[in-house]
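Asker: I would like to see how this sequence folds:
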Amino acid sequence: MHVKPENFQTRLLQWYEQFGRKSLPWQHATTPYTTWLSEIMLQQTQVKTVIPYFQTFIAHFPTIETLATTPLDEVLHLWTGLGYYRRARNLHACAQHIVEHFQGEFPDDIDSLVSLPGIGRSTAGAILSLGFNKKAAILDGNVKRLLTRVFAIEGWPGKTIVEKKLWAIAETLTPSHHNREYSQVMMDLGATLCTRTKPQCNTCPCQSFCLAHEQNREEDFPYKKPKKTMPIKHVYLCILQNERLDILLEKRPNHGIWSNLWSLPESDNKEHIPLLIKQRHGLNTIYQQTLPQFRHTFSHYHLEITPVLFSVTQAAMTLHAPNDALAWYDINNPLKIGLPQPVKQLIKQCYTDRTSKC
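Answerer: Okay, here's the model as predicted:
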């Protein structure tokens, strides 16, 4: 190792004292619960996006017990728009597990933490270091970027051999003191200075011992994930409006994409939609228009969505409670249910002008 761990630690902690972020919402009266909640939300999501969601969650779920005892639909409702909904489902399952098996208190050892739903090694390290102020290494995306540059680590960090090397470095560098500050500064540097593009090396405390900077290769690290061709799938989303302009929603199963969320009825054949809706829901439909197609991208494929608007001539169903399989959705009196972002946008589009149907 070309830099002594104690020198690395000292330089970063000095920088944190002067420049580190200390006023983020989850840094106020830090607890394992607030640390866990923020860490889950921050996965693949920027801080500025997370802040209002975190504040809303803490207002609704001030304790892990309140989160555990709240219906999943309400949790997903508050998560709507944040994306990667598996995080919300794991959040809810983890809260219930902690209440049931750990008397509502987070365990303070790495093995117990990683056994919980949705908690990996780095998140467990963050809970220990930030929440409990105990020694534990972290290796989130920001830290990976920082370490690959400082130590000029070749290869994509998602490869097992590269990740093992990064974990070994992270463990070696992690101090036995100032645990909370050290983990925070590692994340802060990656988020504010050692950014993906145009890193601010001139103000970085790692500049003098950063191998990537020495080699003028900052933007070569970390190596990018090998590209692969993403398959494209197609679907028609059916916007069924009754005479009140409410929109029919179906609750999706607890597996597959958008699991446990509420979505629009769908079909892979536009011509079959009227018969499908008649057979499934007993509703007669009148075609109105086909809206512009758009793309929604998942981690493994692109989904080409074509919205098709229908009015229904028989809509005897009343509003259902969120635990039912169907619901008429009124944006002016919304149910507390989780909606995929594309569905939420389509509903909003159809309510832009209440005097006409879309």
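Asker: Would you mind giving the domain segments of the chain?
Answerer: Segmentation of the chain into domains, based on automatic domain parsing, reads 5-220, 232-350.
Asker: of all those domains, which gets the most neighbours per residue?
Answerer: Looking across those with neighbours counted as mean count of other CB atoms under 10 Å, the highest average goes to domain 5-220: a mean of 18. (Each C-beta comes from the backbone N, C-alpha and C, glycine too.)
Asker: Now the terminal residues of that domain, how far apart.
Answerer: Taking CA to CA, to the nearest Å, domain 5-220 runs 24 Å from one end to the other.
Asker: Renumber starting at 42 from here on
Answerer: Okay, using 42 as the starting number, the last item reads as domain 46-261.
Asker: where does the stretch 192-341 of the chain dip in pLDDT?
Answerer: Low-confidence segments of the stretch 192-341 of the chain (pLDDT under 70): none present.
Asker: which stretches of this protein form strands?
Answerer: Under the criterion DSSP state E, the chain carries strands at the ranges 273-282, 288-292, 303-304, 307-308, 326-331, 335-338, 343-353, 367-370.
Asker: quick one, the fifth one and strand 273-282 angle?
Answerer: For strand 326-331 against strand 273-282, the angle between stretch directions is 120 degrees (axes from the mean of the first three to the mean of the last three CA atoms, to 10 degrees).
Asker: So which elements touch strand 326-331?
Answerer: Helices and strands touching strand 326-331, by 3 or more CB pairs under 8 Å, 6 or more residues apart in numbering; DSSP states H and E, are helix 314-322, strand 343-353.
Asker: next one: the fourth one
Answerer: Under the contact criterion of 3+ CB pairs under 8 Å, 6+ apart, strand 307-308 touches strand 273-282.
Asker: hmm, who's touching the strand it packs on?
Answerer: By CB atoms under 8 Å, 6 or more residues apart in numbering, the residues outside strand 273-282 that reach it are 288-289, 304-311, 314, 318, 324, 326, 332, 342-353, 383-384, 387, 391, 398-399.
Asker: Provide a list of residues in contact with Y126.
Answerer: Counting by CB under 8 Å, 6+ apart, Y126 has contacts L117, W120, W299, S300, N301, L302, G379, P381.
Asker: right, I mislabeled it, should have said L154
Answerer: By CB under 8 Å, 6+ apart, the contact list for L154 reads F147, P148, I160, T164, A165, I168, L169.
Asker: ok so, going back, quick one: closest of the strands of the chain to T215.
Answerer: When the strands of the chain are compared by CB to CB, strand 335-338 sits nearest T215, at 35.6 Å.
Asker: how close does the nearest residue to W67 once chain neighbours are set aside get to A100?
Answerer: Spatial nearest neighbour of W67, excluding adjacent residues (CB to CB, 6 or more residues apart in numbering): S79 at 3.8 Å. Per CB to CB, to the nearest Å, S79 is found 14 Å from A100.
Asker: quick one, helices of this structure?
Answerer: With helices called from DSSP state H, the chain shows them at 46-60, 73-83, 88-101, 105-109, 113-120, 127-142, 151-155, 162-167, 182-191, 201-214, 220-233, 252-255, 314-322, 382-391.
Asker: Strand 288-292 and the last one, what's the angle between them?
Answerer: In other words, helix 382-391. Using the same axes, to 10 degrees: helix 382-391 against strand 288-292 is 170 degrees.
Asker: Which neighbouring elements make contact with helix 382-391?
Answerer: Applying 3+ CB pairs under 8 Å, 6+ apart, we find helix 382-391 packed against strand 273-282, strand 288-292, strand 335-338, strand 343-353.
Asker: how about 6 Å then?
Answerer: For helix 382-391, there is no helix or strand it packs on, judged by 3 or more CB pairs under 6 Å, 6 or more residues apart in numbering; DSSP states H and E.
Asker: can you give me how far it is from the chain middle?
Answerer: Here helix 382-391 is found 19 Å from its chain centre; the criterion is CA atoms, centre = their mean, to the nearest Å.
Asker: what's the closest non-adjacent residue to the residue most central in space within the chain?
Answerer: Centroid check for the chain by CA atoms, centre = their mean gives Y125 as the closest residue, at 4.5 Å. Nearest residue to Y125 in three dimensions, chain neighbours excluded: Q85, at 6.1 Å (CB to CB, 6+ apart).
Asker: ok, so what distance separates the one you found from R127?
Answerer: According to CB to CB, Q85 and R127 sit 11 Å apart.
Asker: Reformat the domains of the chain as TSV; add distance to P267.
Answerer: Listed next are the domains of the chain as TSV, based on distance: least, CB to CB, whole Å:
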stretch	distance to P267
domain 46-261	7
domain 273-391	14
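Asker: that older thread, in TSV: the strands of the chain, plus distance to A253.
Answerer: As requested, these are arranged in TSV below (distance: least, CB to CB, whole Å):
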stretch	distance to A253
strand 273-282	36
strand 288-292	49
strand 303-304	44
strand 307-308	47
strand 326-331	51
strand 335-338	30
strand 343-353	33
strand 367-370	51
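Asker: Of the ones you listed, which is nearest V91?
Answerer: Nearest of these (CB to CB): strand 335-338, 20.5 Å.
Asker: Could I get the CA-only coordinates of that closest one as PDB?
Answerer: Only the C-alpha atoms of strand 335-338 are listed here, as PDB (Å, rounded to 0.1, in the frame of the first residue of the first chain):
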ATOM      1  CA  PHE A 335     -42.800   5.900 -24.300                       C
ATOM      2  CA  ARG A 336     -40.000   3.800 -22.900                       C
ATOM      3  CA  HIS A 337     -39.400   2.800 -19.300                       C
ATOM      4  CA  THR A 338     -36.100   1.100 -18.500                       C
END
